[in-house]
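Novice: Whatever this is, show me its structure:
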Amino acid sequence: MENTHTHMAFKTNNSAPPTGGVIITPNTSGTAPRPTTTFQPRPATSRPFPSRDRNFNREEKDDVRLNERIRVPQVRLIDENGGQVGIVPTQQALQMAREKGLDLMEVAAGANPPVCKICDYGKFKYEKKKKEAQARKNQVVVKVKEVQLRPNTDEHDLDYKIKNSHEFLSEGDKVKFTILFRGREIAHTEPGFRMCKEVIEKLSDVGIVEMHPKLEGKKLMMILGPNPQAKKK
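Specialist: Residues are numbered from 1 along each chain as shown. The predicted structure follows:
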């Protein structure tokens, strides 16, 4: 019996892509292919438009509620001249301020209803800063000058440092005297206390003792302050 082998030929269809494949059409025009993606308009955001209020963002910096940031239904209103208007709706008070080109500023948030005033907020801030600057100018700043000595400081050097201390005290500054003991010098502190006594006597016309000589570790310290009676002379 003769074995017969059947040969079957399969025709490949080149036009059909294999499973999962993509047909790529060759570009024969010589021009760049146009993108097939269509652009969609950007979706609208939920962010609110900024307020037209010129003082809208000043609350965070100055901790003062102004204009549209005052969200209570009614306020006790004070006009720009300091007159009592009475209790009015907040929107009405805001409208009154805008008609005069001014601001509505909350001055007493804890009141019921809150007290608000019509004012020029820029001018208000300027005058406030001016008063603060004047207060700092009038404030007396007392400095502490330190003068270091040694138990064996010679008389000439001591007189020179006493002279400088005299100028410090005359100018209204305090003077801290520090006498440092080294090694075995701490066993004999008497020269240091005698030196402090001499300094006090020579500066008695311009200085008073604010801290008496006190031994802390290897340091003997005392503080002299300006004599208020000396300024009157």
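Novice: contacts, neighbours, all on C-alpha from now
Specialist: OK.
Novice: which stretches of the protein form strands?
Specialist: Secondary structure of the chain by DSSP state E: the strands cover 74-78, 84-89, 103-108, 115-119, 144-149, 174-180, 207-216, 219-226.
Novice: Mind exporting the C-alpha coordinates of stretch 133-141 to PDB?
Specialist: Extracted C-alpha coordinates of stretch 133-141, given in PDB (Å, rounded to 0.1, in the frame of the first residue of the first chain):
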ATOM      1  CA  ALA A 133       8.800 104.900  64.900                       C
ATOM      2  CA  GLN A 134       8.500 107.900  67.200                       C
ATOM      3  CA  ALA A 135       8.000 105.600  70.200                       C
ATOM      4  CA  ARG A 136      11.100 103.600  69.300                       C
ATOM      5  CA  LYS A 137      13.100 106.800  68.900                       C
ATOM      6  CA  ASN A 138      12.000 108.000  72.400                       C
ATOM      7  CA  GLN A 139      12.800 104.600  74.000                       C
ATOM      8  CA  VAL A 140      15.900 104.600  76.100                       C
ATOM      9  CA  VAL A 141      18.200 101.700  75.200                       C
END
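Novice: So which bits of it are buried?
Specialist: Going by neighbour count (16 or more other C-alpha atoms under 10 Å), nothing in stretch 133-141 comes out as buried.
Novice: Now that stretch: average pLDDT?
Specialist: Stretch 133-141 shows a mean pLDDT of 80 in the predicted model.
Novice: same check, this time on stretch 64-80
Specialist: For stretch 64-80, the mean per-residue pLDDT is 92.
Novice: what's the first-to-last distance across it?
Specialist: This stretch, stretch 64-80, spans 17 Å end to end (C-alpha to C-alpha, to the nearest Å).
Novice: Off-centre distance for it?
Specialist: Per C-alpha atoms, centre = their mean, to the nearest Å, the displacement of stretch 64-80 from the mean C-alpha position of its chain is 27 Å.
Novice: What lies in contact with that stretch?
Specialist: Stretch 64-80 has contacts (C-alpha atoms under 8 Å, 6 or more residues apart in numbering) with 53, 55-56, 58-59, 84-91, 93-94, 103-106, 113-119.
Novice: Over to stretch 223-232?
Specialist: The contact list for stretch 223-232 (C-alpha under 8 Å, 6+ apart) reads 169-170, 172-177, 205-213.
Novice: same thing with stretch 145-157?
Specialist: Contact with stretch 145-157 is made by 158, 161, 165, 168, 173-181, 189, 191-192, 195, as judged by C-alpha under 8 Å, 6+ apart.
Novice: Filter these down to the buried ones.
Specialist: Buried subset of those (neighbour count, 16+ other C-alpha under 10 Å): 158, 165, 168, 173-181, 189, 192, 195.
Novice: List just the nearest of those to residue 139.
Specialist: Distance to residue 139 across these (C-alpha to C-alpha) is lowest for residue 173, with 14.0 Å.
Novice: Now do the same contact list for the closest one.
Specialist: Residue 173 neighbours (C-alpha under 8 Å, 6+ apart): 142-145, 225-226.
Novice: Might one say that residue 211 is in contact with residue 222?
Specialist: Yes - with contact defined as C-alpha atoms under 8 Å, residue 211 reaches residue 222; the gap is 5.2 Å.
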